[in-house]
Structure formats: structure tokens, C-alpha cells
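A.B. asks: Everything below, folded, please.
(2 chains)
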Amino acid sequence: MDHQQILGDMADALKGELGDGYSTIKNFVESQGKLLAKQAEDLAKSRLNGSLANDDELYQFFLEGLESNAKNMAKAIVMLSALTIEKAWNAIAGVLWGGIRSILSGAGVPGNLLPQTPPINL
Amino acid sequence: MTSAIWKRAALLWVIVLAACTIQLVPSYDQALVEGLDQANTEALTLFAAVESGSPASKFSDFEEGYAALIGKFDALRQRASNRQIPPLAARLSRLSIVQDYCNTDADPTGCVNASPASLERVLQVLRRMRDRHRSNGLEADVVNLFRTDYNTAIAQALTVENALKR
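C.D. replies: Here you go, the predicted model:
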């Protein structure tokens, strides 16, 4: 295994993980955007011509719900992004460790000193 | 000479970094995901039962159902809230930029464990709907508003928890 192959494998691993992560986050943002828009639209309708026309307290509750759901959506996006970074890092580390392992084995380092996967988990 | 030292130091760093995997968000919890799926089905069944509206006089028919559902979601919120946060994620959560944006006193790890906040909103919706049903009854448009609010919050928890399955 040479360094070109290791770099190529690392790029493939990174591309795969980032692509999956982007797709998950994109779908989540789209579906949450639609739900929040529906929430706002239904709230406006009920306030104008529906049961909330004379109910300030319940109207306030749903307004706070919109704010709370938007904030929680942002937190979920940060968490999904952290998960994507974690997966991308671990994929690269796995490929790099595999490359180092095969180079060191080839140089005569005993196999029992070189675990299959990266040995340190932070 | 200096260049050789730099090359060796760089090589050492590459080996050290390659030896490290990281965990930035909690582990997948199958029991939590299954519990959320089951409670979600029960909640959607409740919404379906009252979607055309339900008078306060019918509240007693639903009282036990509300209690069971609220208890179930509260237990799931507790489970999500009390799970172990990976050490690296806990350290990141203490950075001031993260604290300003993500955290509150009640939720000190908001961006590395997002589900408890979403489940808290689910609980607020169900409790408010129960109280409204008991005092005034539920009109169809109000049920629709509760359901959309609920749908947004539960979708956050379900998406995040399922994504944790690495």
C-alpha cells in the first residue's frame, strides 16, 4: 500500500460520510421548514377566523411553540453536523490507521502490537 | 537538519491522529427509539380520535389516555436527558461560544443532546391539550394546531435518535 492509495481511500471515505451527512441534514431542514410554515399558516388562520380569534392565552402558547420548535431545530442541526464530523474523522482515521498498520507490518513490526482499528477513543 | 526534525514530528502527529477515533454525540439507544416510535403511534391515535373536535363533556373518555401518554413521553425525556455524554462532547459543550448559542441552565448540553428539549415541547403540547380539553373542549382547528406543533417537535427527536445509529 503506497501513500497515493491511502490518500485516495481517505478521500473516498470522506466523500461518502460527508455526502450521507449532508443528505440527512438537507432532508431534515426541508421537512422541518414545511412543518414550521404550516404551523405559522394554521396559527394565522385560527387567529383571524377560528377558535383563537378571542383566545390570547392559547394564541401566545402556539407562538411560543413556533419559537421553541425553531430553536430546537437549530440545536438538532448542530447535533447532526457534529455527528457528520465525527463519522468523517473516524472514517479518515480508520483508513489512515489501516495504511500505517500495513506499512509497519511490512517493516516487521509484530501484528499483535497493531490493533485492527485505531486504539484510542476520545 | 531542521527540516528532518519537522518531517519526523509531522509523521509522529499523523500516527497519533490516525490512532484516535472521536465521539461527539451520545451513543444510539435502541430502547429510546422504540419507546419514541410506540409513544408516537399512541399520540397520533389520540389526535385522530379528536380531530373533528371533542366537547369537554367527553374529556373523561380520554383522561386515562392523556395520563398514559404524558407519563410515557416524560419517561423517555428523562431517559434521553440522563444518558451519558461522551467526554469530548462534554468538553465542547463548555466552550463559551457553544454555551451562548446552545445551552441553558436546565439543558447544559443542548447541541450534543438535542432530543430532551424537543421532548419537553411534546410534553407541553400534550399537557396544554389535555387542560384545554377538560376546561373548554377541543375545536377541530385547535386540534390541528396542537398536532402540527407536536409533529414538528417529535420529528426532531425521531430524526436525531435514528441518526445516532452509526
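
A.B. asks: ok, the residue nearest the centre of chain A - contacts?
C.D. replies: Nearest to the geometric centre of chain A sits A:L80, at 2.5 Å (C-alpha atoms, centre = their mean). Neighbouring residues of A:L80 by C-beta atoms under 8 Å, 6 or more residues apart in numbering or on different chains: A:21, A:24-25, A:28, B:159-160, B:163. To be clear about C-beta, it is placed using only N, CA and C from the backbone, and glycine gets the same treatment.

A.B. asks: same deal with B:Y66?
C.D. replies: Contacts of B:Y66 by C-beta under 8 Å, 6+ apart are B:46, B:126, B:129-130, B:133.

A.B. asks: Top of these by number of neighbours, please.
C.D. replies: Counting neighbours by other C-beta atoms under 10 Å in any protein chain shown, the top entry in the contacts of B:Y66 is B:M129, with 26 neighbours.

A.B. asks: could you check the distance from that residue over to B:I22?
C.D. replies: From B:M129 across to B:I22, the span is 41 Å (C-beta to C-beta, to the nearest Å).

A.B. asks: Which of the helices or strands spans the closest residue to B:V14 other than its chain neighbours?
C.D. replies: The shortest distance from B:V14 to any non-neighbouring residue, by C-beta to C-beta, 6 or more residues apart in numbering or on different chains, is to A:L96 (7.0 Å). Using DSSP states H and E, A:L96 sits within helix A:56-106.

A.B. asks: follow-up on the earlier one: nearest to A:A44, of the contacts of B:Y66?
C.D. replies: B:M129 (20.0 Å; C-beta to C-beta).

A.B. asks: In helices, which of the contacts of A:L80 appear?
C.D. replies: Using DSSP state H, A:21, A:24-25, A:28, B:159-160, B:163 are the members of the contacts of A:L80 that sit in helices.

A.B. asks: correct me, but B:L36 touches B:Q156?
C.D. replies: No: the pair B:L36 / B:Q156 is not scored as a contact, 10.9 Å apart, by C-beta atoms under 8 Å.

A.B. asks: Which strand or helix spans the closest residue to B:Y150 other than its chain neighbours?
C.D. replies: Of all residues not flanking B:Y150 in the chain, B:V125 sits nearest, at 4.8 Å (C-beta to C-beta, 6+ apart). Take DSSP H and E as the rule and B:V125 turns out to sit in helix B:115-135.

A.B. asks: Mind giving me the packing neighbours of that helix?
C.D. replies: helix A:56-106, helix B:30-49, helix B:59-81, helix B:140-163 (3 or more C-beta pairs under 8 Å, 6 or more residues apart in numbering or on different chains; DSSP states H and E).

A.B. asks: where among these is the average confidence lowest?
C.D. replies: Here the lowest mean pLDDT among the helices and strands packed on helix B:115-135 goes to helix A:56-106, at a mean of 91.

A.B. asks: What strands line up against the next helix or strand along the chain from it, and which way round?
C.D. replies: Heading C-terminal from helix A:56-106, the first helix or strand you meet, by DSSP H and E, is strand A:120-121. Within its sheet, strand A:120-121 is paired with strand B:20-21 (parallel), according to DSSP bridges.

A.B. asks: what mean pLDDT would you report for the strand it pairs with?
C.D. replies: 86.

A.B. asks: what do you get for stretch B:98-118?
C.D. replies: Averaging pLDDT along stretch B:98-118 gives 80.

A.B. asks: Off-centre distance for that stretch?
C.D. replies: Offset of stretch B:98-118 from its chain centre (C-alpha atoms, centre = their mean, to the nearest Å): 11 Å.

A.B. asks: What residues of it count as buried?
C.D. replies: B:98, B:102-103, B:107, B:109-118 (16 or more other C-beta atoms under 10 Å in any protein chain shown).

A.B. asks: now stretch B:79-92
C.D. replies: B:79-81, B:85-86, B:88-89, B:92.

A.B. asks: tell me the secondary structure for the most far-flung residue of chain A relative to its centre?
C.D. replies: Ranked by distance from the centre of chain A (C-alpha atoms, centre = their mean), the top residue is A:N54, with 42.1 Å. For A:N54, the assignment made with DSSP: H, G, I helix; E, B strand; the rest coil gives coil.

A.B. asks: Can you tell me the closest non-neighbouring residue to A:Q116?
C.D. replies: Nearest to A:Q116 is A:R101, by C-beta to C-beta, 6+ apart, at 7.8 Å.
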